[in-house]
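>>> here is a sequence together with a model predicted from it:
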Amino acid sequence: MMVDQMQQTKSRRLFIAGFALMLLLAFIQCFRVAHHIIWPHDPDLYRDMAFIQGVLDGDYGQDPNYEGASLWYNPLLFSIEALIVKLTGLPVNIVVSRAGIFLNLLGPIAFFVMTVILFDLRIALAAMLSYLFLAAGNIPGSAAATYSPWILPVCFAQFTFYVSVIFAYKAFTTQKYLWFAILGVSIGISFLAHTAPAVLIILILISIQLGNVFKAIREKEQSTLNKYLFQGFTAFGFFVIAGLPLLYSIIFKYHLHYVNKEIFEFRAGIFILPNIKQFIKENVSFTLLISIVGFIWFYREFRETVIRKIILNWLLVSSFMFVYTSALPKLHEMHINLPDTIPSYHYFFYLKALQSIFFGLGLTFLIGYLLRWIESRISNKRIQKQNIESFNNFVFVFCILFCAIVYFPFYKNRTDFTPHWEPSLTAGVFSDKVQTYNYIVKNIPAEKVILCEESANDFPVMASGRKMVSASMLFSNPFFDFAVRYTDRNNMLEYLKTGQPEATRKLFEKYDVSYVLVTNEELKNYKIPSSVLKEPVHANGMYTLFSVNSD
């Protein structure tokens, strides 16, 4: 008995060491790519900079870019980043550029733990090979579950989904209300991190619990039915409590009245219908075939009821939501009004995570054949069973690590690691933007409204956390009419060029505009001097910033 326990301990250490080595390999690559980045390269990160700056300015719970508006975006990540800025004294841009190297480690760690709990160490290690190096292929980390150096909310928040799956497993296997309460809290935290994992886990739970409810109704088991219903209410109640920082704003202040829906229907790259061939090319691979083998084995052979329900519902719900949200723009064009959630690729993200699980199942099944063949060749020799098991584990871990090392040269050239962020490393034309950003943050109060051209929307203005007339469409508060603000912004800029029509002048009062930022390229088209604009308060090679005459 003692020998068996020692053997099991050695096996666990071997598999955990294999996981640690693979994660270290991915970490080194992510660190190499991102540790020297100075400025974010993705507009999503400029939005996060705005919310971080809002927290630092003491305006948590408010929209940092629209005057009088409340919180509308998931607050967990930017709150953590704001805390890091406070504790370390690092600039916002440095934290946003580099924090992903470390914070995003929560994703692979939670994925590994989840897979160990649902299956075993072998399957978890094989699944990690796919998760870290294979399944995402050349798809950006924002659209496929993997470990990415970029601290995009979807990349960071994935760990909350895996943790919620663990709690769902515990809740349904133990049937204890405590676990359903913990599950509700976990989903609420997931919602604070990102909408996609919360929507998915909620739909998975509804699907599973509805099946239980209908079974209880068919069998006329009233006490069992009551228990299932109370479990659902328990999870829901604690979800509401945990998610209240965001739910309060969108329900009680905005009343769920979404206006700017384009933000939920954004698609790009391989997720646009004309690029369907590229989508297929990026996803059909030898590793997908192994995942299909794993799915077939799981569907035919795996009989643990709760895990089976969780995995199959994960597959069905993610697939449905991906197809549904992909079809929404076309359906809306046909005047078929169905509710929006979030862009489709966020659901595809979790399909890729599931692909890695099936890969783990498939590869474990296939390596099992190799191990049984090896056993058959040495079965006539006097080798203890424990030694055979140790040898099999060593061969398994060796195969996984060998695949990771062989594939690494291809992995390090994937999209997430190529230098499309080069402007964030050096000066050049970007330096004028940075200079203007720094001036705005240091010299313009957070409550002041800046009117700017569209080219300056995301950076430097939005990122500064200062108020705007109109943010870019994808980052505009979805509870405000983007089209109206966009039109008003353009009309005000046109007024500064032509002085007509005079009625447009009232828009400056409507939006309480205090500053106007224009590019020097466009400045030559403006009527200077102007009754609206005072003398410039800041100027460089790219921008001129005017204060506005309030008279």
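Good, I have the coordinates. Residues are numbered from 1 along each chain as shown.

>>> domains of this protein?
Domain ranges of the chain: 2-35+99-415, 430-548, per automatic domain parsing.

>>> tell me the pLDDT of the residue most central in space within the chain.
Nearest to the mean C-alpha position of the chain, by C-alpha atoms, centre = their mean, lies V154 at 0.1 Å. As predicted, V154 sits at a pLDDT of 97.

>>> what's the strand or helix carrying it packed up against?
For V154, the host element (DSSP states H and E) is helix 153-174. Secondary-structure packing of helix 153-174 (3 or more C-beta pairs under 8 Å, 6 or more residues apart in numbering; DSSP states H and E): helix 76-88, helix 100-103, helix 106-118, helix 177-193, helix 195-218, helix 305-333, helix 345-378. Where C-beta positions appear, they are placed from N, C-alpha and C, glycine not excepted.

>>> that helix vs helix 345-378, what angle?
Put simply, helix 153-174 runs at 60 degrees to helix 345-378, going by axes from the mean of the first three to the mean of the last three C-alpha atoms, to 10 degrees.

>>> okay, now the unreliable bits of this protein?
Scanning the chain for pLDDT under 70 picks out the ranges 1-4, 378-386, 419-429, 551.

>>> 80 - rerun?
For the chain, applying pLDDT under 80 flags the ranges 1-7, 373-388, 418-430, 550-551.

>>> before we move on, back to that, tell me the contacts of the residue nearest to the centre of the chain?
S142, H194, A196, H346, F349 (C-beta atoms under 8 Å, 6 or more residues apart in numbering).

>>> can you report phi and psi for the first one?
What it means is S142. Main-chain torsions, S142, degrees, to the nearest 10: phi -80, psi -10.

>>> distance of S472 relative to F482?
Plainly put, S472 is 9 Å away from F482 if you go by C-beta to C-beta, to the nearest Å.

>>> what about those two, which has more around it?
Taking neighbours as other C-beta atoms under 10 Å, S472 and F482 compare with F482 leading, 21 against 17.

>>> just to revisit the earlier point, okay if I get the contacts of V154 as CSV plus distance to F546 and neighbour count?
Compiled in CSV, those are given as follows (distance: C-beta to C-beta, whole Å; neighbours: other C-beta atoms under 10 Å):
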residue, distance to F546, neighbour count
S142, 37, 19
H194, 38, 25
A196, 41, 28
H346, 40, 24
F349, 43, 29
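
>>> closest one to I440 out of those residues, please.
When the contacts of V154 are compared for distance to I440 (C-beta to C-beta), S142 wins out at 27.4 Å.

>>> which residues does that closest one contact?
Counting by C-beta under 8 Å, 6+ apart, S142 touches D44, S148, W150, L152, V154, C155, Y345, F349.

>>> could you give the angle of the helix or strand where I388 lies to helix 345-378?
For I388, the host element (DSSP H and E) is helix 385-411. Relative orientation of helix 385-411 with respect to helix 345-378: 140 degrees, computed using the same axes, to 10 degrees.

>>> how far away from the center of its chain is helix 385-411?
Per C-alpha atoms, centre = their mean, to the nearest Å, the displacement of helix 385-411 from the mean C-alpha position of its chain is 31 Å.

>>> and stretch 290-299, by the same measure?
For stretch 290-299, the distance to the chain centre is 27 Å (C-alpha atoms, centre = their mean).

>>> need the domains of the chain in CSV (columns: distance to A50).
Shown next, in CSV, are the domains of the chain (distance: least, C-beta to C-beta, whole Å):
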stretch, distance to A50
domain 2-35+99-415, 13
domain 430-548, 5
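
>>> figure out which of the ones you listed is closest to V55.
domain 430-548 (8.8 Å).

>>> can you give me the end-to-end distance of the closest one?
26 Å (C-alpha to C-alpha, to the nearest Å).

>>> any idea how far that domain is from the chain center?
30 Å.

>>> repeat for stretch 67-81
Counting by C-alpha atoms, centre = their mean, stretch 67-81 comes out at 15 Å from the chain centroid.

>>> next, the buried residues of it.
Buried residues in stretch 67-81, counted by 16 or more other C-beta atoms under 10 Å: 69-81.

>>> which two among those residues are spaced furthest apart?
By the measure C-beta to C-beta, A69 and I80 form the most distant pair in the buried residues of stretch 67-81, at 22.4 Å.

>>> Y407 and A136 touch, don't they?
No - assessed by C-beta atoms under 8 Å, Y407 is found out of contact with A136, at 11.9 Å.

>>> those two: who's more crowded?
A136 (27 against 15).

>>> so how far is N212 from the more buried one?
35 Å.

>>> cool, F233 as well?
Taken as C-beta to C-beta, the span from F233 to N212 is 14 Å.

>>> and if you look at L315?
19 Å.

>>> do the same with P536
For P536, the distance to N212 (C-beta to C-beta) stands at 67 Å.

>>> between these two, which is the more surrounded one?
Higher neighbour count among P536 and N212: N212, with 19 against 15, using other C-beta under 10 Å.

>>> which SS state does the nearest residue to the more buried one once chain neighbours are set aside fall under?
Nearest non-adjacent residue to N212, counting by C-beta to C-beta, 6 or more residues apart in numbering: Y228, 5.0 Å away. Recorded secondary structure, Y228: helix (DSSP: H, G, I helix; E, B strand; the rest coil).

>>> before we move on, what about V537?
Going by three-state DSSP: V537 is strand.

>>> contacts only, for it.
N443, Y515, L545, F546, S547.

>>> so the fourth one sits in a strand?
Yes - with three-state DSSP as the criterion, F546 is located in a strand.

>>> residues contacting it?
Contacts for F546 (C-beta under 8 Å, 6+ apart) come out as Y515, V516, L517, V518, L533, K534, E535, P536, V537.
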